[in-house]
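Novice: Give me a model of this one.
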Amino acid sequence: MLPWKRVLRPLAALLLTAAVATVPATAAQAADAPTSGWNNYSCKPSAAHPRPVVLVHGTLANSVDNWLAFAPYLKDRGYCVFSFDYGQLPGVPLFYGLGPIEKSAEQLKTFVDKVLSATGAAETDLVGHSQGGMMPRYYLKFLGGAAKVNALVGIAPSNHGTTLNGFTKLLPYFPGAEDLLTTATPALADQVAGSAFLTKLNEGGDTVPGVRYTVLATKYDEVVTPYRSQFLDGPGVRNVVLQDLCPIDLSEHAAIGLFDRIAFHEVVNALDPAHAKATTCASVFD
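Specialist: Residues are numbered from 1 along each chain as shown. Purely as a prediction, here's the structure:
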């Protein structure tokens, strides 16, 4: 019989693949470099859109690939848009969001401060996909982020972890599997439903005062399961199922964040609720 670690490494790789939230990586550019109109530190927010938007990628993604469609979508609508890489592991290029989530939240804190300093804005709005929709809640709750953030929009966020359709419940039956995940890919271990990280994050309530929360989920999500575990409870929360807006939208976990313009339309509504327009299947043409 093969040693357990040799058996479990493919298991960890399978979890990595299942959690992927990006298309195949292109030659990623540095997060600080202007990218098709975003990450422009000379951008000054307008009266119509007074807050810069910080985009937070998902697990195994990066600051460019995760937002190749959505960042220009926002930029074309007059927003100052920024993105950054977080959760880097030594020797792993292009694929980020794998390090301990508490440390990633500290990176978000540093980046938000940088954006606010450059733009002169008092607050920012955060939009995150998958882990990127959940991780900022640690920043808001424990690192003072609530004073600097107006709204958090989570696209298929792992707010209460995932069972990967029950797969993670099998981990205790593989001796060493949980330890291997924690050591090799801490962010994946942190996102397993019931993890110590998520217990700490959600203890005492999902939200903090002064921040508006929107969760946009798809019932076809195959990564963050069950999909309703993505929802938040608390004041200032709006939970949305994509198929309630457009029943024929078949987007799953990756597609809802990567290129679904119906989802994009609803995110813009969340960023600017005073000028929201009904999101329907026709929103793909907006």
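
Novice: For this protein, which segments count as helices?
Specialist: 4-19, 70-75, 101-119, 131-142, 177-184, 186-190, 196-202, 242-245, 253-258, 261-271 (DSSP state H).

Novice: and the first one, average pLDDT?
Specialist: Pointing back at helix 4-19 there. Helix 4-19 shows an average pLDDT of 40 in the prediction.

Novice: do the shortest one as well
Specialist: Per-residue pLDDT over helix 242-245 has a mean of 98.

Novice: Output the contacting helices and strands for that helix.
Specialist: helix 261-271 (3 or more C-beta pairs under 8 Å, 6 or more residues apart in numbering; DSSP states H and E). Heads up, the C-betas are built off the backbone N, CA and C, glycines and all.

Novice: With only the CA atoms kept, save the helix it packs on in CSV.
Specialist: What follows is helix 261-271, C-alpha atoms only, in CSV (Å, rounded to 0.1, in the frame of the first residue of the first chain):
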residue,chain,number,x,y,z
ARG,A,261,-23.0,40.1,-17.2
ILE,A,262,-26.3,39.5,-15.5
ALA,A,263,-24.3,39.0,-12.3
PHE,A,264,-22.2,42.1,-13.1
HIS,A,265,-25.3,44.2,-13.5
GLU,A,266,-26.5,43.2,-10.1
VAL,A,267,-23.2,44.0,-8.5
VAL,A,268,-23.4,47.5,-9.9
ASN,A,269,-26.8,47.8,-8.4
ALA,A,270,-25.3,46.9,-5.1
LEU,A,271,-22.6,49.5,-5.5
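
Novice: Check which residues of that helix are buried.
Specialist: I262, A263, F264, H265, E266, V267, V268, N269, A270, L271 (16 or more other C-beta atoms under 10 Å).

Novice: As JSON lines, those residues with distance to L164 and pLDDT would be great.
Specialist: As requested, the buried residues of helix 261-271 are exported to JSON lines (distance: C-beta to C-beta, whole Å; pLDDT from 0 to 100):
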{"residue": "I262", "distance to L164": "25", "pLDDT": "98"}
{"residue": "A263", "distance to L164": "22", "pLDDT": "98"}
{"residue": "F264", "distance to L164": "26", "pLDDT": "98"}
{"residue": "H265", "distance to L164": "29", "pLDDT": "98"}
{"residue": "E266", "distance to L164": "26", "pLDDT": "98"}
{"residue": "V267", "distance to L164": "25", "pLDDT": "98"}
{"residue": "V268", "distance to L164": "30", "pLDDT": "98"}
{"residue": "N269", "distance to L164": "30", "pLDDT": "98"}
{"residue": "A270", "distance to L164": "27", "pLDDT": "98"}
{"residue": "L271", "distance to L164": "30", "pLDDT": "98"}
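
Novice: right, and out of the residues you listed, which lies closest to A121?
Specialist: Of all the buried residues of helix 261-271, A121 sits closest to L271, with 13.5 Å by C-beta to C-beta.
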